[in-house]
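>>> show me the folded form of this:
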Amino acid sequence: MANKIFMILTLVGVPLSVIGSLMHWPSTILFVIYCLTIIALASFMGRATESLAVVAGPRIGGLLNATFGNAVELIISIFALKEGLIGVVLASLTGSVIGNLLLVAGLSFFIGGIKYKRQLFNVYDARHNSGLLMFAIIVAFVIPEVFSMEMNEQKTLNLSVGISIILIALYLAALFFKLVSHRGVYQSETEGTDHEKEEPEWSKGKAVAILFAATIAVAYVSENLVHTFEVVAESFGWTELFIGVIIVAIVGNAAEHASAIILAYKNKMDIAVEIAVGSTLQIAMFVAPVLVLVSLFFPTSMPLVFTLPELVAMVSAVLVTVIISNDGETNWFEGLTLLAAYFIMGIGFYLL
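Modelled structure (predicted):
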């Protein structure tokens with residue numbers, strides 16, 4: 001049923017997006033059309049990556065889902081950078097971190113926990129990811145904020161570029177560690193038992209083709225979506241911060257949201273957790289640094305300096321998630337705790 005709805009939304013939304021942008025429809029109407037179209041396209045990206053995950057396993061499947069899900073946000077952010085909307089980009093990165101850790105993981109734990117009393121996932125991956133999360137958010141994001149107080153703009157940008165290069169290098173090393181040098185070394189008891197008999201929804205070729213087509217469509221719609229931000233903000237009384245943290249982050253990460261929740265409901269917690277946490281790591285250690293480097297080619301460069309509320313929100317999200325997930329098991333109440341934290345932060349950002 002849900003797949004049919006997303007199919008209809010895609011078939012209607014893509015043509016309407018093209019017609020609306022050419023005919024210059026009101027920005028508020030276009031904003032709604034673009035958001036719904038991106039979410040519908042993201043559902044196809046999620047189904048395609050799930051099909052690939054059946055063939056490739058939970059780690060690679062989670063990585064693929066996170067990568068193509070984050071590709072949407074990366075595209076939106078690059079167009080926003082081009083328009084000089086630095087605040088929206090930094091806010092959307094914040095929204096992705098707290099959205100993946102609190103909203104996606106929270107909903108996954110909650111929905112899966114309603115069906116199953118106790119859900120297990122790879123405790124070794126959880127601890128490995130916890131260390132990286134603490135490093136990426138608390139070290140790499142807090143340092144520029146603190147040091148920038150004693151620096152001019154150029155030195156702050158130079159520091160951001162240096163940190164970005166280190167983050168990208170460490171992220172690539174982390175992928176090599178998990179997928180090559182230590183693949184299978186830290187395997188959980190549940191891993192590999194649930195995925196053997198499952199048939200993928202689509203063949204590998206069809207899944208890749210759909211991913212490619214959906215990403216191109218999302219790129220087009222995302223560019224138009226960025227142009228509606230300022231008008232929509234004025235119409236609804238929203239700040240750039242709220243649009244970035246809540247709206248752009250939810251729309252940009254729609255693929256991961258849907259996939260992680262569905263997989264948790266099917267008790268495939270290894271890949272559900274890999275999507276939520278792996279996507280956060282990719283945002284913090286790859287997407288954010290890439291955006292810093294890409295911004296050097298635009299008139300306005302973006303330093304890796306967040307506002308104090310953004311930093312506090314991200315650090316809090318990391319600490320809560322690490323404490324809850326470090327034991328390798330979860331239940332509906334832990335999911336509800338993560339969701340409560342997300343809504344508290346959401347109210348705060350709305351009222352700022």
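>>> flag the shaky bits of the stretch 51-200 of the chain, pLDDT-wise.
Along the stretch 51-200 of the chain, segments meeting pLDDT under 70 span 58, 183-197.
>>> can you give me the strands in it?
Secondary structure of the stretch 51-200 of the chain (DSSP state E, counting those that start in this stretch): strands located at 119-120.
>>> count of neighbours near the residue nearest to residue 348 when sequence neighbours are not counted?
Sequence neighbours aside, residue 309 is the residue nearest to residue 348 in space, at 6.8 Å (criterion: Cβ to Cβ, 6 or more residues apart in numbering). Backbone N, C-alpha and C define where each C-beta goes, glycine included. Using other Cβ atoms under 10 Å, residue 309 has 16 other residues around it.
>>> over to residue 3?
With other Cβ under 10 Å as criterion, residue 3 counts 11.
>>> cool, and residue 242?
For residue 242, using other Cβ under 10 Å, the count is 21.
>>> correct me, but it touches residue 347?
No - taking Cβ atoms under 8 Å as the definition, residue 242 is not a contact partner of residue 347, at 10.6 Å.
>>> how far off centre is stretch 43-53?
Stretch 43-53 sits 15 Å away from the centroid of its parent chain (Cα atoms, centre = their mean, to the nearest Å).
>>> make that stretch 135-154, sorry
Distance, centroid of stretch 135-154 to centroid of chain: 22 Å (Cα atoms, centre = their mean).
>>> pull the CA atoms of it into CSV?
Output in CSV follows, covering the C-alpha atoms of stretch 135-154 (Å, rounded to 0.1, in the frame of the first residue of the first chain):
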residue,chain,number,x,y,z
PHE,A,135,35.5,11.8,18.1
ALA,A,136,33.6,13.3,15.1
ILE,A,137,31.1,15.4,17.0
ILE,A,138,32.8,16.2,20.4
VAL,A,139,36.4,16.6,19.1
ALA,A,140,36.1,17.7,15.5
PHE,A,141,33.1,20.0,15.8
VAL,A,142,33.8,21.5,19.2
ILE,A,143,37.5,22.4,18.5
PRO,A,144,36.7,24.9,15.6
GLU,A,145,34.1,26.6,17.7
VAL,A,146,36.4,27.1,20.7
PHE,A,147,39.5,28.0,18.7
SER,A,148,37.6,30.4,16.4
MET,A,149,37.1,32.7,19.4
GLU,A,150,40.8,33.6,19.3
MET,A,151,41.1,33.6,15.4
ASN,A,152,40.1,35.8,12.5
GLU,A,153,37.9,34.5,9.7
GLN,A,154,40.8,33.3,7.4
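>>> identify each buried residue in stretch 264-277, please.
264, 268-277 (16 or more other Cβ atoms under 10 Å).
>>> related to what we said a few turns ago, buried residues in whatever helix or strand the residue nearest to residue 348 lives in, which are they?
Residue 309 is located in helix 308-325, with elements delineated by DSSP states H and E. For helix 308-325, burial by neighbour count (16+ other Cβ under 10 Å) applies to 309-311, 313-322, 324-325.
>>> now that helix: how far from the chain's centre is it?
On Cα atoms, centre = their mean, the centre of helix 308-325 falls 15 Å from the chain's centre.
>>> who's in contact with that helix?
By Cβ atoms under 8 Å, 6 or more residues apart in numbering, the list of residues contacting helix 308-325 from outside reads 90-91, 94, 97-98, 101-102, 105, 109, 126, 130, 133-134, 137-138, 141-142, 145, 241, 245, 273, 277, 306, 330, 334, 337-338, 341-342, 345, 348-349, 352.
>>> can you pull out the helices in the stretch 101-250 of the chain?
Ranges of helices within the stretch 101-250 of the chain are 105-115, 123-133, 142-148, 153-176, 204-226, 229-236, 240-242, 249-252, based on DSSP state H, counting those that start in this stretch.
>>> noted, bye for now.
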